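**Student:** Sequence first, then the predicted structure, then my questions.
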Amino acid sequence: MTSTDGGAFRRMLRRLTSDADELDADDLEAGAQKSGAQRASDCACGQEVTMLGRLRSVEFRPQDAEASLEAELFDGTDGVTLIWLGRRRIPGIEPGRTMRVRGRLALRDGRKVLYNPFYEICPANTV
């Protein structure tokens, strides 16, 4: 058995023994790196970033609250909150969607946030 066969065996064994969330995070991270996007865990406040990930959650505000739409983007390393001010709903922004976003990273209550990011909804097989 060659050294590459041992590596392939270890990868296969890891895929068989890891939980689905961990494997999904690994796939997201690999897809984001392959596309040239930055890792959320490596980004700092004030930095202009481009990220690729999957929406974990989308929060719609009630009619009597101020108009904003919040979503959590996860790239396999960390989550980033996306906030569109003045919007209650954006067609296509829903949990499970793969998106590429770009903007200046901020911190709010200790969480990474992108306000009014430029976004592109990507095909599911992108990541």
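**Tutor:** On my side now, so go ahead.
**Student:** Now do the contacts for the nearest residue to R56 once chain neighbours are set aside.
**Tutor:** Once its chain neighbours are removed from consideration, R56 has its nearest residue in E72; the separation is 4.5 Å (CB to CB, 6 or more residues apart in numbering). (C-beta placed from N, C-alpha, C; glycine too.) Neighbour list for E72: L55, R56, S57, G79, V80, T81, L82 [criterion: CB atoms under 8 Å, 6 or more residues apart in numbering].
**Student:** Those in helices, which ones?
**Tutor:** Counting by DSSP state H, none of the members of those fall within helices.
**Student:** For the residue nearest to R56, what is the enclosing helix or strand?
**Tutor:** For E72, the element it lies in under DSSP states H and E is strand 68-74.
**Student:** May I see the buried residues of that strand?
**Tutor:** S68, L69, A71, E72, L73, F74 (16 or more other CB atoms under 10 Å).
**Student:** ok, the residues you listed vs A44, which is closest?
**Tutor:** Nearest to A44, judged by CB to CB, of the buried residues of strand 68-74 is L73 at 16.8 Å.
**Student:** show me the contacts for P95.
**Tutor:** For P95, the contacting residues are L55, R56, S57, V58, taking CB under 8 Å, 6+ apart as the criterion.
**Student:** For beta bridges, what are the partners of the residue nearest to C122 when sequence neighbours are not counted?
**Tutor:** Spatially, and ignoring its direct neighbours in sequence, C122 is nearest to T98 (4.5 Å; CB to CB, 6+ apart). When bridges are called by DSSP bridges, T98 pairs up with R54, C122.
**Student:** Okay, now the unreliable bits of this protein?
**Tutor:** 1-6, 9-36, 62-64, 124-127 (pLDDT under 70).
**Student:** Now with 90, please.
**Tutor:** The model of the chain has pLDDT under 90 over residues 1-45, 53-54, 56, 59-68, 74-79, 86-90, 96, 108-110, 122-127.
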